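# next come a sequence and a model predicted from it.
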Amino acid sequence: MATSGITVNQLSRDDIINAALRKLVVIGEGQVANATQITTAAQALNNIVAEYRTLGMSLWARKQYVITFVTGQRDYVLGIGQVLNTAYPLHIYKAEVEQAPLYDTKIDMNILSFMDFEMLPSLSTGTPVNMMYQPKINQGVVSVWPTPDASVLPGTRMRITYQAPFEYFIAGVDTPDFPEEWNNALIYSLAYTLSDEFGTPMQKQAWLEKQADKHVGLALSGGTEDASMFIQRDWAGEW
């Protein structure tokens, strides 16, 4: 026997919507949602995508971005339409300085809370070793300390590792900004979200909620890193 050799199973936005509405028996086998149902379901689906941002960083959502230091500039704004024109990070998990011109020297930066960062001397200048990140509405602000000065070689940069926001569905043919193991999570989460709006009995709503939770949990279980973690006593007593 021969396998298919196919490892891609992408659904479109409308595929997900139609599957969810079939779970609710709003449409039957072979039927597709009408324009009003598509509009209602697409709005609910994008709200689910927004909520999924709170689930944390899976491997596939990890991205990196490079910010080049500017002499005298402490704050760097990221966001669509900003100077650093990229989708703003939800969370920054790692930051390091890469020194010009060869970028062969890297310095890990300390990621500080707002309160700890604001306690640092505001007039200090030099090569940044600390940073703070403030996510705002549709943009985020990276602040570094000390503020870069003329002693920082031109081109020296900060590389951040961050969780990127998921892209929304706009057109019916758009595919999810998720790996394929999230297909059932999206379908059942959408069906549960719409169940009240379409008058689904409470017993089935409870079943749909349980199915949605199960599939989200399964999808999350596949997004962790295959690496070891070592824990040992701090003999120096620093921490």
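Arrived safely, thanks for sending.

# CA only for contacts and neighbour counts going forward, please
Noted.

# which residues touch the helix or strand of the chain with the lowest mean pLDDT?
Ranked by mean pLDDT, DSSP states H and E, the weakest helix or strand in the chain is strand 106-108, scoring a mean of 92. Outside of strand 106-108, the residues within contact range by Cα atoms under 8 Å, 6 or more residues apart in numbering are 95-99, 129.

# lowest pLDDT pick from these?
Among the contacts of strand 106-108, Q99 has the lowest pLDDT, at 92.

# how much space between the residue nearest to it when sequence neighbours are not counted and A100?
Distances taken as Cα to Cα, 6 or more residues apart in numbering put T156 closest to Q99, at 4.6 Å, once the chain neighbours are dropped. Distance, T156 to A100, using Cα to Cα, to the nearest Å: 5 Å.

# more neighbours, the two?
Neighbour comparison, T156 and A100: the larger count goes to T156, with 19 against 16 (by other Cα atoms under 10 Å).

# now do the strands in this protein.
In the chain, the strands defined using DSSP state E lie at 62-68, 75-78, 91-98, 106-108, 110-111, 130-135, 140-145, 157-163.

# could those strands go into a markdown table alongside distance to I48 and mean neighbour count?
Conversion of the strands of the chain to a markdown table gives the following (distance: least, Cα to Cα, whole Å; neighbours: other Cα atoms under 10 Å):
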| stretch | distance to I48 | mean neighbour count |
| --- | --- | --- |
| strand 62-68 | 20 | 15 |
| strand 75-78 | 24 | 19 |
| strand 91-98 | 19 | 20 |
| strand 106-108 | 35 | 14 |
| strand 110-111 | 30 | 18 |
| strand 130-135 | 20 | 20 |
| strand 140-145 | 22 | 21 |
| strand 157-163 | 17 | 20 |
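
# now those strands as JSON lines including distance to H215?
Listed next are these as JSON lines, based on distance: least, Cα to Cα, whole Å:
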{"stretch": "strand 62-68", "distance to H215": "21"}
{"stretch": "strand 75-78", "distance to H215": "33"}
{"stretch": "strand 91-98", "distance to H215": "24"}
{"stretch": "strand 106-108", "distance to H215": "37"}
{"stretch": "strand 110-111", "distance to H215": "34"}
{"stretch": "strand 130-135", "distance to H215": "29"}
{"stretch": "strand 140-145", "distance to H215": "31"}
{"stretch": "strand 157-163", "distance to H215": "21"}
